[in-house]
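J.: got a structure for you, letters missing:
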C-alpha cells in the first residue's frame, strides 16, 4: 500500500470506528443453522478496461467495459476516445429553461432552481453518452471556478457556464479563455462585470480580482515553469515569479468596460450604468462599453518569444482583450500548468515530470502545428504510457474525488429514482463538493495540497485529501450506509425521487460470501481488492443468515464503498 493509500486508510479507519451504532448487521457469534451449497464466483472482469473507463468517465460499468472484451488494446481505447470527441454535449440550459415556471407563482425565488441544476448535472454525468466530455468539463469547472456560493440568484447563468465548459472541453484553449472571460457568471464572480476605467478625481482604480485569478489559477500560475512542470529557479535557487503587481494592474485595465449585454433593439438606453441582469443576458457574453474602458497603455506578460510586452494606448476594449488573451495563451507556462492539472483530475495526482512534459508538448503542437488543442491534450493524457501502465509505485493513481465515489457506485449499480430525477441529493452537503458549488475560487481543494505526514514527507501531493475531514468522512460513510441498506432494489421505497441502487445482479452470489464479495469487488474495484479487504468483508457477510441475501449484499456494498481501496483510483 503506497503513501497516499496509507494516509487515506488512516483517515477513513479513524472515522469508521466512530460509527458502531450505524453499521450493518454487526457481529453475530451464532453459526447459521445450515449452509447452502457453494455458488461459483462471477467471471473475472477486464481490469485494464475498467481502469481506463474510471479515468475517462464518471464510473466504469460492466456494460461499458464489455466493448473492450478481454483486450487491453490502446488502439481500441483510442477509437473509444475518438467517438467521444464527436459525441454531442449533454447540456443543462434547455432543461433549466423548461423548469422555469410560467407563469411565475407568487413568492417564487429563482435560487430554488439550483436543485434542478444539480438534478440535470447528475442526469448528464450518470446517463449522458458524452461521458468523456462531461468528465473533462467537471475538471475544467474546478480550474476555472465560479460558484453558486456567490451566484445562487443565477441558476440559468450557472447552467450556461457549465455548458460553456462542456462545449469547449475538446476545443481550442484560446477559445475557452475568451468564453470564460466574457461569461457574465465569471464577470460577477470575480468582479470584471462593471469594472471601470481609472479616475483619480473619483478615486477609482480598476478592480484587480479577475486579472490576478485569471493568471494565477486559470492559465499560467505564480512561477515560471519548465516544460515538465517543475519550477524554474534563479541563481539563488528561488522560484521565478510569472508576473508582478505592474502586470496585474495592466490586465486589470484590460478588463475594464464590460457589463451585462443590452437587450436587442434598445441601443438608446444601452449605457454602462443602466444594464441589468435578465434571464436572457445572464447566458450571453458581456458587452463592451467604450466610455468605461481604460485607454492608456497596458503591461502584459513578458517571456521569451512574446509578441509584445505591453499594449498600445487607444485600443478598443475588444482589441485589448484579444491581444491580452493572445499574450497569455502563448506563454510557455500554459501547457505544463493546465496539462498537469488535467492529468491530476483524470489519472494521477503525482505524474512524473516526463509525463507532464509529453502533455505540454502536445499542448504546444498537436502534430499539425496547432497550439492549445484540448481534444489532443485529453487524448494524449489518457493514452500515455504512464496512464496505461500497470498500477504500482508511490505515484500511481489518485484519491478518488468524493462525488466520483458516489457516481461510481451509482453507475455500477444502475442507480435510478422512479421519477428519473436526482432531486433528493445534496452532493455538497453529503460529499463536500458539487457542480459549481466550491467555497471559493480556489476550488474544493488545491492541486498542491499535501496532508501532513508521510505524503508531504515524500514530496507528494494528494489534493482530494483536503476534503477528508473527520466530519466529511463520517457523512460519506453514513450516506453509503443508507444507500446500501435502505435505498436498494429490495427495499420498500415509496418516494419516487429517492435514488435506488439495483442489487439484483449480486443476489445470486449471496449464499457464498467469497463469491458475493467477488461480485461486488468486480463492480466497484475492477476485481482488484487486497486479500485483507476480501477476508474482512467475507467475515462480516458470513455473520448474516444466508436466507437474507439482500442484507448480505448491502453489507458487502457498504463495507467496500467505505474502504480506503475504493477511495483510491489506481
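T.: Alright, I've got the coordinates. Just so it is clear, the model here is predicted, and its values are computed rather than measured.

J.: And for the residue nearest to residue 329 when sequence neighbours are not counted, the neighbour number?
T.: Here the nearest residue to residue 329 in space, its sequence neighbours aside, is residue 174; by CB to CB, 6 or more residues apart in numbering that works out to 4.6 Å. In this view, the C-beta of every residue, glycine as well, is placed from N, C-alpha and C. For residue 174, the neighbour count with other CB atoms under 10 Å is 17.

J.: Check residue 307 too.
T.: 9.

J.: What is the three-state secondary structure of it?
T.: coil (DSSP: H, G, I helix; E, B strand; the rest coil).

J.: Distance-wise, check it relative to residue 406.
T.: Between residue 307 and residue 406 the computed distance is 46 Å (CB to CB, to the nearest Å).

J.: what does residue 426 give?
T.: Residue 426 is 11 Å from residue 406, by CB to CB.

J.: Who has more neighbours out of those two?
T.: More crowded of residue 426 and residue 406, by other CB under 10 Å: residue 406, with 25 against 12.

J.: Isn't that one up against residue 431?
T.: Yes: the pair formed by residue 406 and residue 431 meets the contact definition of CB atoms under 8 Å, at 5.9 Å.

J.: list residues touching both of the two?
T.: Shared between the contact lists of residue 406 and residue 431 (criterion: CB atoms under 8 Å, 6 or more residues apart in numbering) are residues residue 479.

J.: Do me a favour and average the pLDDT over the longest helix that the chain contains.
T.: In the chain, taking DSSP state H as the definition, the longest helix is helix 470-485. Here helix 470-485 scores 97 as its mean pLDDT.

J.: Could you do stretch 210-218 as well?
T.: 98.

J.: Please compute how far that stretch lies from its chain's middle.
T.: 19 Å (CA atoms, centre = their mean, to the nearest Å).

J.: contacting residues around it?
T.: So stretch 210-218 is contacted by 143-145, 177, 180-181, 186-187, 190-192, 195, 221-222, 242-243, 247-252, 254-255, 301, 328, 441-442 (CB under 8 Å, 6+ apart).

J.: residues of that stretch that come out buried?
T.: 210-218 (16 or more other CB atoms under 10 Å).

J.: what's the closest of those to residue 554?
T.: residue 217 (41.9 Å; CB to CB).

J.: Next, the contact list for residue 285, please.
T.: Per CB under 8 Å, 6+ apart, neighbours of residue 285: 179, 182-184, 261.

J.: I meant residue 435, not that one.
T.: 117-118, 121, 138, 141, 162, 427.

J.: So it lies in a helix, does it not?
T.: No: assignment of residue 435 by three-state DSSP gives coil, placing it outside any helix.

J.: Which segments of the chain make up each domain?
T.: Per automatic domain parsing, the domain ranges recorded for the chain read 3-73+397-569, 91-127+146-216+243-329.

J.: weakest of those by average pLDDT?
T.: It's domain 3-73+397-569: among the domains of the chain, that one has the lowest mean pLDDT, namely a mean of 90.

J.: How far away from the center of its chain is it?
T.: Its chain's average C-alpha position is 19 Å from that of domain 3-73+397-569, according to CA atoms, centre = their mean.

J.: Check stretch 342-353 too.
T.: That offset, for stretch 342-353, works out to 13 Å (CA atoms, centre = their mean).

J.: Kindly report the same for stretch 223-240.
T.: The answer for stretch 223-240 is 28 Å, by CA atoms, centre = their mean.

J.: Show the end-to-end separation of it, please.
T.: 5 Å (CA to CA, to the nearest Å).

J.: which residues are in contact with that stretch?
T.: 222, 241-242, 303, 332-333, 335-337, 339-340, 351, 353-354, 356-357, 360-361.

J.: Pull out the buried members of the residues you listed.
T.: 242, 303, 332-333, 335-337, 339-340, 351, 356-357, 360-361.

J.: Out of the residues you listed, which sit inside helices?
T.: Those of the buried ones among the contacts of stretch 223-240 lying in helices (DSSP H): 335-337, 339-340, 356-357, 360-361.

J.: before we move on, back to that, buried ones only from the contacts of stretch 210-218, please, as a ChimeraX command.
T.: To isolate the buried members of the contacts of stretch 210-218 in ChimeraX, using 16+ other CB under 10 Å:
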select :143,144,145,177,180,181,186,187,190,191,192,195,221,242,243,247,248,249,250,251,252,254,255,301,328,441
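
J.: Which of the contacts of residue 435 fall in strands?
T.: Secondary-structure check on the contacts of residue 435 using DSSP state E: no residue lies within strands.

J.: can you put these in a markdown table and add distance to residue 295 and neighbour count?
T.: Listed next are those as a markdown table, based on distance: CB to CB, whole Å; neighbours: other CB atoms under 10 Å:
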| residue | distance to residue 295 | neighbour count |
| --- | --- | --- |
| 117 | 40 | 23 |
| 118 | 44 | 23 |
| 121 | 42 | 27 |
| 138 | 40 | 24 |
| 141 | 35 | 21 |
| 162 | 35 | 26 |
| 427 | 46 | 20 |
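
J.: and which of the residues you listed is nearest residue 155?
T.: residue 117 (5.1 Å).

J.: So the closest one sits against residue 97, correct?
T.: No: with contact defined as CB under 8 Å, residue 117 does not reach residue 97; the gap is 11.6 Å.

J.: about what we covered before: how about the buried ones among the contacts of stretch 223-240, which pair is most distant?
T.: Taking CB to CB, no two of these sit farther apart than 303 and 351, at 23.7 Å.

J.: Next secondary structure after the longest helix of the chain?
T.: In the C-terminal direction, the helix or strand that comes right after helix 470-485 (DSSP states H and E) is helix 513-525.

J.: and the direction of the next helix or strand along the chain from that next one versus that of helix 513-525, what angle?
T.: Moving toward the C-terminus from helix 513-525, the next helix or strand (DSSP H and E) is helix 531-542. Using axes from the mean of the first three to the mean of the last three CA atoms, to 10 degrees, the inter-axis angle of helix 531-542 relative to helix 513-525 is 120 degrees.

J.: change the start of the numbering to 53 and stick with it
T.: Yes, from this point I'll number from 53; that puts the last item at helix 583-594.

J.: Now do helix 583-594: which elements does it pack against?
T.: On a contact count with 3 or more CB pairs under 8 Å, 6 or more residues apart in numbering; DSSP states H and E, helix 583-594 meets helix 565-577, helix 601-613.

J.: Over to the residue lying closest to residue 192 once chain neighbours are set aside. Which of the three states is it?
T.: Leaving aside its chain neighbours, residue 192 sits nearest to residue 217 (4.6 Å; criterion: CB to CB, 6+ apart). Classification of residue 217 using three-state DSSP returns helix.

J.: Any idea how many residues pack against the nearest residue to residue 556 once chain neighbours are set aside?
T.: Sequence neighbours aside, residue 541 is the residue nearest to residue 556 in space, at 5.5 Å (criterion: CB to CB, 6+ apart). Residues lying near residue 541 (other CB under 10 Å) number 18.
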